[in-house]
Structures are given as structure tokens and as C-alpha cells.
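S.K.: my questions are about this predicted structure, shown below with the sequence.
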Amino acid sequence: MTFVVGAGDEIEHSELPALEQLVVMGYEYKSKTDLNKERKKTTEVLLYGRLREAIQRINPDIDSDGINDALNQIKEDSFPFTYDTMDTNEKIRAKMVGLSQTGGLEPITVDQYDETGTRKKTVKLFDFENIDNNDFVVTNQFELQGFKNPIFPDIILFVNGIPLVIIECKSPFRKNWLDDAVEKENFRKYRSTGNGYERLMFYNHVLVATCGVEARHGTISSDVNHFKNSRWSSAYPLSIEQVEEKYGRSREQEILIAGMLERSHLLDLLKNYVIYQTINNKRIKIIAKHQQYRAVTKCTAKIKTAENRRGGVIWHTQGSGKSFTMQWVAK
């Protein structure tokens, strides 16, 4: 596999190792040049050819008119730049996971016709049961033209043509690498309204900042302090030794990628481990941390297989998110 990368400490210690690991994990690598051939213009954040193919593959009973209707409901032009970023992110996630709730949260439905007449059909954008039925692509230095200047996020993960994950890589020799990634150079710019990058945030599930030896994650509402306290330090069900054996190293970057971005985990986190809340009149997006994901996974498995009512204990420290853990268990 040949990766189109530059040179320097950031590339050597973070970007290239991340690309290599993601390919081993089943992601298809495409260079920026390759993906630009799949786009009509560099203002597009969706890979429409891959999205159309995924809808056809996952929904074989939807006719061509229905597929076109589904694409129109999720396409970028349906969500103008003037829309509120967090509100749009929440509504698009509802469409991606088939959620139906009040407040404008609804799945994609299309009209289909048969001998009985017209019926509504829900369209799935992901196959959450058969992971291999989805299209996983990783690229680096993806070009997105804003209102004035383009941006080139270090790594983007596309699933079925939708950009779910953005990874910003920094040199481990930078003193303030995390602040640079979150506040000074990358995520703040991407999230700011009026720059023309909003649509990338509309579809985003998780943001990752890494320098190789350290790695942190957050959402489109996370400030730098949240990132500082969000280390994915368990690659469950893999042990640290297994991460080392599979990927050659077991730094925080390798552990986060192996645990959080493993293909089935990523879709599971998208579907089942997201909460939107309003705090101090501000809408925020919350995703599970590693201890919550591990606890819920173990707990639900125990519930399904236990032969008696003796379950076990989930131990939490104060402030570690036990309310969210129980909410996800109940769901």
C-alpha cells in the first residue's frame, strides 16, 4: 500500500501510523487526488457515488425514484450554511440511524408503489447488522473549499460516503499540541460559522486529536478541556498486548483507533451511544467514553446470557458518567 503523505515529525509519528493501522483494520485508503475524481467540486463533503451505491445495496427493495428521493433528503443542499450547526447535526444523525422522535428528528422515508397502492418505506443509510455491507474509506489531506480558503483535515473516515470522523495529527514534540489542534489551528476553524466548512460538521460524529503518544476525542461541541479529559484508554475487547501485537505499537493513538474506530464499534457508537442535551441554554453533543462503552457492552451481554438474577457490579467514580452509562444500558 502506497500512502500519499508529506514529511516531518507529524507525518512520521502520527498521520502515517494512523493510516497504516486503519487500512489493517479494514478501511480502504484513497488519496485526496483519488477522491477528487469522485466529486464534482471541492465544496462537497459527501461522496455521492459511494452513498448512492450504499443505499442501493442496503435497500434492495427501493426503486430508483426512491433512491433519488433519499439522496435529496440527506444531500448538502438540503441543509444550508445558515442552519444551526448543532441542530442540523442532531437532525442528520436521526436520519442516519433511523431515529423518530419529536422536535424534527425523523428517519428518511420515501414513497414506494405496489399492487396495494402507495406505502412509506424507511431508507437505511448504514447496515448496522452486517458491517461488511458498508463502505469504509480513509483519506488524508482531504480538500474542502470554504467561502475564502480551503482546509485540508489530516484524516477523514467516510462510511458509505458520509464523513463521520475527522482526525487531526500533530507532532509529539509540540508542547501545546492539543490546544493547537482544538483551538488554534483546526477544530475551532472547522466549527466556526461563516467560514464555509459548516457542512463537514453537520455530518460529523466524532473529532479526534492525536500526536501519536497521546490521543483525545470529542464532539462538535467539545472545548479543549473536554478533550483533555477524554482519553480512550481501553481497546476492549482487545488487550493492550493484543493491540501491540496487531499494530506494532500500543501508544494512546493505536489504542484509541483500535477501540473507538474499529468498524463495528464506530457504527455502534453512532447508533447507540449519543446524547444531545441543553446545558445553560447551549445545545451539546455527548458520546460514550471508553469506560462507558465497555461497561454497557459487558452489562447487556450479561443480561442476555445470565442464567439467574445475579448480574455483577459496575464501579464508577464521582463524575465518571454513571447516569449516561445507565441510560445507554436501558436503551
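M.R.: Received it, and whenever you're ready, just let me know what you need.
S.K.: gap between the two ends of stretch 57-64?
M.R.: Counting by Cα to Cα, to the nearest Å, you get 12 Å between the two ends of stretch 57-64.
S.K.: er, stretch 78-88 actually
M.R.: End-to-end distance (Cα to Cα), stretch 78-88: 10 Å.
S.K.: what comes up buried for it?
M.R.: By neighbour count with 16 or more other Cβ atoms under 10 Å, stretch 78-88 contains the buried residues 79, 81, 83, 85-86, 88. C-beta: built from backbone N, CA, C; applies to glycine.
S.K.: take the residues you listed and lay them out in CSV including secondary structure, pLDDT and distance to Thr33.
M.R.: Below are these laid out as CSV (DSSP: H, G, I helix; E, B strand; the rest coil; pLDDT from 0 to 100; distance: Cβ to Cβ, whole Å):
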residue, secondary structure, pLDDT, distance to Thr33
Phe79, coil, 91, 27
Phe81, coil, 88, 27
Tyr83, coil, 90, 31
Thr85, helix, 93, 29
Met86, helix, 94, 33
Thr88, helix, 95, 30
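S.K.: most widely separated two among these?
M.R.: Maximum pairwise distance in these, criterion Cβ to Cβ, is 14.2 Å, between Phe81 and Met86.
S.K.: dump the buried residues of stretch 78-88 to JSON lines, plus distance to Glu307.
M.R.: Listed next are these as JSON lines, based on distance: Cβ to Cβ, whole Å:
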{"residue": "Phe79", "distance to Glu307": "49"}
{"residue": "Phe81", "distance to Glu307": "55"}
{"residue": "Tyr83", "distance to Glu307": "51"}
{"residue": "Thr85", "distance to Glu307": "48"}
{"residue": "Met86", "distance to Glu307": "44"}
{"residue": "Thr88", "distance to Glu307": "46"}
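S.K.: so which of those residues comes closest to Arg231?
M.R.: Distances from Arg231 to the buried residues of stretch 78-88, taken by Cβ to Cβ, are shortest for Met86, at 24.1 Å.
S.K.: check contacts around the closest one.
M.R.: By Cβ atoms under 8 Å, 6 or more residues apart in numbering, the residues touching Met86 are 220-221, 276, 283-285.
S.K.: in strands, which of those appear?
M.R.: The strands, defined by DSSP state E, take in 276, 283-285 from those.
S.K.: returning to that earlier point: buried among the contacts of Met86? Need that as a selection in ChimeraX.
M.R.: One line in ChimeraX is enough to select the buried members of these, burial here meaning 16+ other Cβ under 10 Å:
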select :220,221,276,284,285
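S.K.: measure Arg251 to Lys289 for me?
M.R.: From Arg251 across to Lys289, the span is 19 Å (Cβ to Cβ, to the nearest Å).
S.K.: strands of this structure, residue ranges please.
M.R.: Using DSSP E, strands in the chain cover 28-29, 108-114, 117-123, 136-140, 144-145, 150-151, 155-159, 162-169, 206-210, 215-218, 274-279, 282-287.
S.K.: what angle separates the longest one from strand 155-159?
M.R.: Translated: strand 162-169. Strand 162-169 and strand 155-159 are oriented at 160 degrees to each other (axes from the mean of the first three to the mean of the last three Cα atoms, to 10 degrees).
S.K.: neighbouring contacts of strand 162-169?
M.R.: Contacts of strand 162-169 with the rest of the structure, by Cβ under 8 Å, 6+ apart, involve 10-11, 14-15, 18, 45-47, 51, 96, 125, 142, 153-158, 181, 185-187, 190, 200, 203-212, 261, 266, 270.
S.K.: buried set for it?
M.R.: Residues of strand 162-169 classed as buried by neighbour count (16+ other Cβ under 10 Å): 162-169.
S.K.: tell me which strands that strand pairs with, and in which orientation.
M.R.: Here strand 162-169 has these sheet partners by DSSP bridges: strand 155-159 (antiparallel), strand 206-210 (parallel).
S.K.: please work out which residues outside the first one touch it.
M.R.: Residues outside strand 155-159 that contact it (Cβ under 8 Å, 6+ apart): 15, 18-19, 22, 27, 47, 50, 126, 134-140, 142, 163-169, 261, 266-267.
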